[in-house]
Structures are given as C-alpha cells and as structure tokens.
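> sequence first, then the predicted structure, then my questions.
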Amino acid sequence: MDTIVEIHVPLAETPGTPEGSYPFPWIDRIDDFLADLEEAEDYDESEEYEGAHVFFVTGAPEAVLLAVASRVAALPGVPGGAFAVVSDQEAEEIGVGRRVEL
C-alpha cells in the first residue's frame with residue numbers, strides 16, 4: 001500500500017494582488033514545484049477542501065514525502081499554517097490520517 005502525503009495549505013489570497021488578478025498565484029507555484037520533483041511524484045490533481053487547497057505526493061518513503069511537504073510550505077508566497085496528513089491509497093476521503101505540522 002503506497003503512502004500518500006496530503007499537503008493542506010490555507011486558501012488565502014496573496015496580499016496586494018491587483019483587482020482582477022488571480023488571487024492565488026502560490027497554487028501554480030506549488031503545482032510547478034511538484035511537477036519537477038525527482039525524489040517523489042505528484043499523486044493527483046490538487047483540490048479545494050475545507051478552506052484549504054490540498055496537494056498530494058507519493059512514490060517515496062514517508063520521511064521523504066514529509067520533507068517535500070515542508071519544502072512546499074516554505075516556498076515564497078505560500079500562506080502560513082500549512083500542514084500534512086499522512087495517508088494511503090485506501091483512504092476514502094481527504095484528511096483521514098495522521099496530521100503533521102509543517
């Protein structure tokens with residue numbers, strides 16, 4: 001059973017975003033970062049869930065996946081308060097698993 005780490009980032013607009021501009025440019029930054037990973041892989045499309053935008057990584061040991069999640073949380077412009085949930089492919093919904101503060 002493959003480990004999946006969910007990266008939950010609070011869905012907060014980037015301060016100072018000009019009116020009419022995309023208020024969440026950090027989502028694209030994270031998607032690009034995950035697409036370029038070599039030590040793990042992007043598991044599925046990111047999605048909104050309970051006030052957060054959730055990204056999924058897999059394909060590596062738990063410690064590596066949590067290190068990736070920490071690097072995501074530290075990317076420029078990513079809102080504070082991100083956390084990870086360690087789960088697996090058997091989970092029937094998002095957020096089921098062990099929560100890890102980032």
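Now that the structure is in, tell me what you want to look at.

> so what's the closest residue to residue 87 other than its chain neighbours up against?
Nearest non-adjacent residue to residue 87, counting by C-beta to C-beta, 6 or more residues apart in numbering: residue 97, 3.6 Å away. Placement of C-beta: from N, CA and C, glycine included. Contact analysis of residue 97 by C-beta atoms under 8 Å, 6 or more residues apart in numbering lists 6, 85, 86, 87, 88, 91.

> closest one to residue 55 out of those, please.
Nearest to residue 55 out of the contacts of residue 97 is residue 6 (C-beta to C-beta; 7.3 Å).

> how about the secondary structure of that closest one?
strand (DSSP: H, G, I helix; E, B strand; the rest coil).

> OK, contacts around it?
Per C-beta under 8 Å, 6+ apart, neighbours of residue 6: 54, 55, 56, 84, 85, 87, 94, 95, 97.

> so the fifth one is in which element?
Right, residue 85. strand 83-88 (DSSP states H and E).

> packing partners of that strand?
strand 3-10, helix 62-73, strand 98-101 (3 or more C-beta pairs under 8 Å, 6 or more residues apart in numbering; DSSP states H and E).
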